[in-house]
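Peer 1: have a look at this prediction, sequence included:
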Amino acid sequence: MSLQDQIIYLFILAIPIACVSWSVTHEEIFKEPRDYCVTKSKSCHTLLQRKFFYLFTCEYCFSHYVMALFLVITRYHLLFIDWRGYLVGGFALVWIANVYMSIFGLIRVGMKKENMEAAIKEVELKECKKEEEIK
């Protein structure tokens, strides 16, 4: 595979890694298992157990395991065709996936802020109308 193809694959394969990592660690559909993991990550007695459950609450940590699964499935490698290519490709995939998740997080914060500002303006408008009706 040419270097150009490897780079294209890098940016494409990072998308599902980011998607799975973000969904498990942030989205509502996984809320109950994630809440359980948060509780266990704080209350388990052994360090290994706490870290195991923490893995499902941190998108950065979880993306490493999702990346490992994708490397097994796709056999993607970067720059080298031996084990070094898997190592380099794996960490590159995690980095790009986390850039994607950061951008997505910023977009979501911006959307939430806009929705909150709209809700505040709506409440203020209703209050103004009530004051006008009283006068």
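Peer 2: Sure, I can see it. Numbers count the residues shown, from 1 in each chain.
Peer 1: any low-confidence regions in the chain?
Peer 2: When the per-residue scores of the chain are filtered using pLDDT under 70, the ranges that remain are 135.
Peer 1: can you give me the helices in it?
Peer 2: Per DSSP state H, the chain has helices spanning 3-26, 31-43, 47-54, 59-74, 83-134. These are given in chain order.
Peer 1: got a markdown table for those helices, with mean neighbour count too?
Peer 2: (C-beta placed from N, C-alpha, C; glycine too.) Shown next, in a markdown table, are these (neighbours: other C-beta atoms under 10 Å):
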| stretch | mean neighbour count |
| --- | --- |
| helix 3-26 | 16 |
| helix 31-43 | 13 |
| helix 47-54 | 13 |
| helix 59-74 | 17 |
| helix 83-134 | 13 |
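Peer 1: ok now do residue 89, which residues does it touch?
Peer 2: Residue 89 is in contact with 6, 10, 71, 76-79, counting by C-beta atoms under 8 Å, 6 or more residues apart in numbering.
Peer 1: now with 7 Å, please.
Peer 2: Residues in contact with residue 89, defined by C-beta atoms under 7 Å, 6 or more residues apart in numbering, are 71, 76-78.
Peer 1: with residue 18 instead?
Peer 2: Shown in contact with residue 18 (C-beta under 7 Å, 6+ apart): 97, 100-101.
Peer 1: about what we covered before: using JSON lines, lay out the contacts of residue 89 together with distance to residue 128.
Peer 2: Rendered in JSON lines, the data for the contacts of residue 89 read as follows (distance: C-beta to C-beta, whole Å):
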{"residue": "71", "distance to residue 128": "58"}
{"residue": "76", "distance to residue 128": "58"}
{"residue": "77", "distance to residue 128": "63"}
{"residue": "78", "distance to residue 128": "59"}
